[in-house]
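Visitor: dropping the sequence and predicted coords here.
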Amino acid sequence: MKTQSAKAKGRKLQQLVRDKLIEMLDIHPEDVKSTSMGAGGEDVTMSSSARKKFPCSIECKNVEKLNFWNAYDQAIANANGFEPIVVAKKNKHKPLVLCDLNYFINLHKKNEPIQD
């Protein structure tokens with residue numbers, strides 16, 4: 001795959017993540033941006049108001065083969081104190097999210113149904 005095609009593929013995933021955050025968390029579109037390809041740091045940047053709703057740092061990988069450990073290490077390096085997550089996608093498959101087990105379990109704990 002040509003470099004330009006690979007970057008376009010990565011950009012498409014970043015934009016999908018951005019659009020999902022805007023839609024599902026009711027975040028203002030100007031508060032979430034897809035970072036330009038090749039720029040260092042997070043792949044999706046957020047304003048402080050968006051961070052209050054989604055305190056995570058996102059690393060996007062749209063590739064056919066992925067070393068999850070390296071991708072997660074990159075997410076950690078770019079997290080700046082926020083929870084590092086990796087959004088991974090490959091052709092003809094839906095995007096998946098990789099995050100810390102404790103973080104994942106705490107998400108469920110926070111969303112437990114209220115019992116009467």
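Guide: Thanks, I have the structure now.
Visitor: please count neighbours and contacts with C-alpha atoms only from this point.
Guide: OK.
Visitor: where does pLDDT dip in this structure?
Guide: By pLDDT under 70, the low-scoring segments of the chain are 1, 110-116.
Visitor: need the single longest helix in it, by residues.
Guide: helix 3-25 (DSSP state H).
Visitor: list the helices and strands that helix packs on?
Guide: strand 32-34, strand 44-46, strand 56-62 (3 or more Cα pairs under 8 Å, 6 or more residues apart in numbering; DSSP states H and E).
Visitor: most packed of those strands?
Guide: Compared across the helices and strands packed on helix 3-25, strand 56-62 shows the largest average neighbour count, a mean of 24 (mean count of other Cα atoms under 10 Å).
Visitor: angle of the very next helix or strand once past that one against strand 56-62?
Guide: Using DSSP states H and E, the helix or strand that follows strand 56-62 in sequence is helix 68-78. Here the directions of helix 68-78 and strand 56-62 differ by 140 degrees (axes from the mean of the first three to the mean of the last three Cα atoms, to 10 degrees).
Visitor: now do the buried residues in helix 68-78.
Guide: 71-72, 74-76, 78 (16 or more other Cα atoms under 10 Å).
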